[in-house]
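Chemist: sequence first, then the predicted structure:
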Amino acid sequence: MSREIPRPPELQRDVDFWIRVYSQITTLQGFLHDERNLAIVYSTVDLPPTERPGSPVRRQLIDNERTRWADALREAAVATEQGAAPSGADALRALELWGADATPDTLRAAAEAVRFQLGQADRFRAGIVRSGQWESHIARTFDSLGLPPGLAALPHVESSFTPTAYSKVGASGLWQFMPGTGRRFMRVDDIVDERLDPFRSTEAAAKLLLYNYRTLGSWPLAITAYNHGTGGMRRAREQLGTDDFAVIARRYQSRSFGFASRNFYPSFLAALTIDQNPQRYFPDVQRAPELVFHEVPMPGYAEVATLERALGIPRETLRELNPALRPAVWSGEKFVPRGYRLRLPSGESLSAAQLIEQVGADRLFVAQVAPRTHAVRRGETLTRIAKRYGFSVAELAKLNDLPTDAKLRRGQQLRLADERPATLASALTLDSAAGAAP
């Protein structure tokens, strides 16, 4: 397996474009550019800082600029067709940018391909700072699988090294895993979502990248598959009969292989270029210190409040160190699960046995909290159901966000108090008793 990341010279103009996006313009600016020829940048747009991203004011400003350049390109096309010079300054600028390629057909096509790209320099700089917390773990993880160390720059493209990042399509975390892909390598459910853990998700990303490479045979295809999917890149390779990503990027036609997929590898190469020499692009930038902690596997299930009290560690500290634990755990509805590698501050070095001793076997459980419900039968009332399960009507009503005189319908599901499992202490007592029996 190659540990070198290829840099095809045919992609350099695209890489240069993304270097500019990542280092020269901020999220309060953007480029108006040609969608295919990224060497063509018509202008830089300054966005109003008081307007939120995606606001109508921002959208209108961008639309106006896009229309301005589309009109200029059409004017240039007409002038070129007539063998005359256009009168407008923007049309003259468009002709200058396109140079020898400025045929009427090219200019008309370009008028339909004016695109806006938001700047990322402020996000990228912040990502360089954040990356220091995890760079050692990423390096060790990739090295253990023989992966190119340069792959560590990929989160710059995916999330700007923001571990809490969510995308509008459902991708999450530092490495932006979709739920389905994440479940191939991690635990992803309503109790633990390891996509949000930079350490566990790094290990998953390494396995996915290795799988992509073994399937596709080259790093440009494997890295692009991180965005476009392994099957999608296999189809592109088979359709064009080539492993050359530069050819695929220029010639492959697919509804799903749009601007983002086509530019994923060039934008990664741009991120890698900056990450390898950050001082050149962001003078005086410094990476954050490595995050140091201690991990202990949970010997049983436990409430966060119990761990907080027994260990003397503030909940907020536990939450910062254990981002994979979901809201149901922090609210107390669910236990921290057995086997979960609980992360503690670096000074708290405990074994599983020491954790049992410190927390108490009577406060650790053998199973997760089991939710209980009751399906309402014909004629049943809150009073009758509450009496059956030993609740007061007020308790049952509150648990289900109902008034105490609510009328119930047949089949309605009522939530009951969660059923607590046996504790480790009781399980150990039963085991001892069973062992002592003749």
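Modeler: Cool, got the structure. Numbering: from 1, shown residues only.

Chemist: for the chain, longest helix please?
Modeler: Counting residues, the longest helix found in the chain (DSSP state H) is helix 56-82.

Chemist: how about that one: buried residues?
Modeler: By neighbour count on 16 or more other C-beta atoms under 10 Å, the buried set for helix 56-82 is 58, 61-62, 65-66, 68-77, 79-80. C-betas here are computed from N, CA, C, even on glycine.

Chemist: neighbouring contacts of the helix or strand just after it?
Modeler: Towards the C-terminus, the helix or strand next in line after helix 56-82, according to DSSP states H and E, is helix 89-98. Contacts to helix 89-98, defined as C-beta atoms under 8 Å, 6 or more residues apart in numbering, come from residues 40-42, 68-69, 71-73, 75-76, 79-80, 85-86, 102, 106-107, 110.

Chemist: and helix 89-98, how far from the chain's centre?
Modeler: 39 Å (C-alpha atoms, centre = their mean, to the nearest Å).

Chemist: show me the contacts for V296.
Modeler: Taking C-beta under 8 Å, 6+ apart as the definition of contact, the neighbours of V296 are 341-342, 344, 350-352, 355.

Chemist: before we move on, what SS does the spatially closest residue to it that is not a sequence neighbour have?
Modeler: By the measure of C-beta to C-beta, 6 or more residues apart in numbering, the closest residue to V296 outside its immediate chain neighbours is L350, 4.9 Å from it. Under the three-state scheme (DSSP: H, G, I helix; E, B strand; the rest coil), the conformation of L350 reads as coil.

Chemist: what's the pLDDT at L350?
Modeler: pLDDT, the model's per-residue confidence, is 88 for L350.

Chemist: which helices and strands sit right next to the helix or strand hosting E357?
Modeler: When elements are defined using DSSP H and E, E357 is found to belong to helix 352-359. Under the contact criterion of 3 or more C-beta pairs under 8 Å, 6 or more residues apart in numbering; DSSP states H and E, the helices and strands touching helix 352-359 comprise strand 293-297, helix 304-311.

Chemist: geometric centre of this protein: which residue is closest?
Modeler: What sits nearest the mean C-alpha location of the chain, by C-alpha atoms, centre = their mean, is Q176, with 2.4 Å.

Chemist: skipping its backbone neighbours, what lies nearest that one in space?
Modeler: The shortest distance from Q176 to any non-neighbouring residue, by C-beta to C-beta, 6+ apart, is to E158 (4.1 Å).

Chemist: give the contact list for that neighbour.
Modeler: With the criterion set at C-beta under 8 Å, 6+ apart, E158 makes contact with 165, 171, 174-176.

Chemist: now it: phi and psi?
Modeler: When read as degrees, to the nearest 10, the backbone of E158 gives phi -80, psi -50.

Chemist: equivalent analysis for P198, please.
Modeler: phi -60, psi -30.

Chemist: doesn't A165 make contact with it?
Modeler: No. The pair P198 / A165 is not scored as a contact, 10.9 Å apart, by C-beta atoms under 8 Å.

Chemist: settle it for me: which of the two has more neighbours?
Modeler: Comparing P198 with A165 by neighbour count (other C-beta atoms under 10 Å), the higher total belongs to P198, at 25 against 18.

Chemist: for that one, give its distance to A89.
Modeler: When C-beta to C-beta, to the nearest Å is the yardstick, P198 and A89 sit 49 Å from each other.

Chemist: which non-adjacent residue is nearest S254?
Modeler: For S254, the closest residue by C-beta to C-beta, 6+ apart turns out to be A236, at 7.0 Å.

Chemist: could you do K334 as well?
Modeler: Once flanking residues are discounted, K334 sits nearest to A328: 4.2 Å by C-beta to C-beta, 6+ apart.

Chemist: let me see the contact set for that neighbour.
Modeler: By C-beta under 8 Å, 6+ apart, the contact set of A328 is 190-191, 334.

Chemist: hang on, the earlier thing: residues that sit against both of P198 and A165, list them.
Modeler: 173-174.

Chemist: and the strands in this structure?
Modeler: 29-34, 41-46, 114-118, 293-297, 341-345, 370-375, 413-419 (DSSP state E).

Chemist: columns mean pLDDT and distance to L318 on top of those strands, output as a markdown table?
Modeler: A markdown table is the format used below for those (pLDDT from 0 to 100; distance: least, C-beta to C-beta, whole Å):
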| stretch | mean pLDDT | distance to L318 |
| --- | --- | --- |
| strand 29-34 | 98 | 40 |
| strand 41-46 | 97 | 43 |
| strand 114-118 | 97 | 36 |
| strand 293-297 | 94 | 11 |
| strand 341-345 | 95 | 8 |
| strand 370-375 | 80 | 24 |
| strand 413-419 | 78 | 21 |
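
Chemist: just the ones you listed: most buried one?
Modeler: Burial of the strands of the chain is given as mean neighbour count (mean count of other C-beta atoms under 10 Å); strand 29-34 ranks first at a mean of 22.

Chemist: pull the residues that contact that one.
Modeler: Under the contact criterion C-beta under 8 Å, 6+ apart, strand 29-34 has outside partners 17, 20-21, 25, 40-47, 62, 65-66, 69, 110, 113-119.

Chemist: just to revisit the earlier point, ok, so of the contacts of V296, who is nearest A205?
Modeler: For the contacts of V296, the residue nearest A205 by C-beta to C-beta is R341; the value is 17.8 Å.

Chemist: how near is the nearest residue to the closest one once chain neighbours are set aside to G347?
Modeler: The shortest distance from R341 to any residue other than its chain neighbours is 4.5 Å, reached at E295 (C-beta to C-beta, 6+ apart). Separation of E295 from G347 (C-beta to C-beta): 14 Å.

Chemist: tell me the contacts of R234?
Modeler: Contacts of R234 were listed using C-beta under 8 Å, 6+ apart, and they are 215-216.

Chemist: low pLDDT regions in the stretch 301-438 of the chain?
Modeler: 417-419, 427-438 (pLDDT under 70).

Chemist: quick check: closest non-adjacent residue to E81.
Modeler: Taking C-beta to C-beta, 6+ apart as the measure, E81 lies nearest to P104, with 4.4 Å between them; neighbours along the chain are not counted.

Chemist: the one you found contacts G83, correct?
Modeler: No. Look at P104 against G83 with C-beta under 8 Å: they stay out of range, at 10.6 Å.

Chemist: can you give me the helices for the stretch 201-350 of the chain?
Modeler: With helices called from DSSP state H, counting those that start in this stretch, the stretch 201-350 of the chain shows them at 219-228, 230-240, 245-251, 259-262, 264-276, 278-281, 304-311, 315-321, 327-330.

Chemist: which residues does the longest one contact?
Modeler: The one in question is helix 264-276. Under the contact criterion C-beta under 8 Å, 6+ apart, helix 264-276 has outside partners 5, 7, 11, 14-19, 21-23, 38, 124, 128, 131, 150, 152-154, 156-157, 220, 223-224, 226-228, 245, 249, 280-282.
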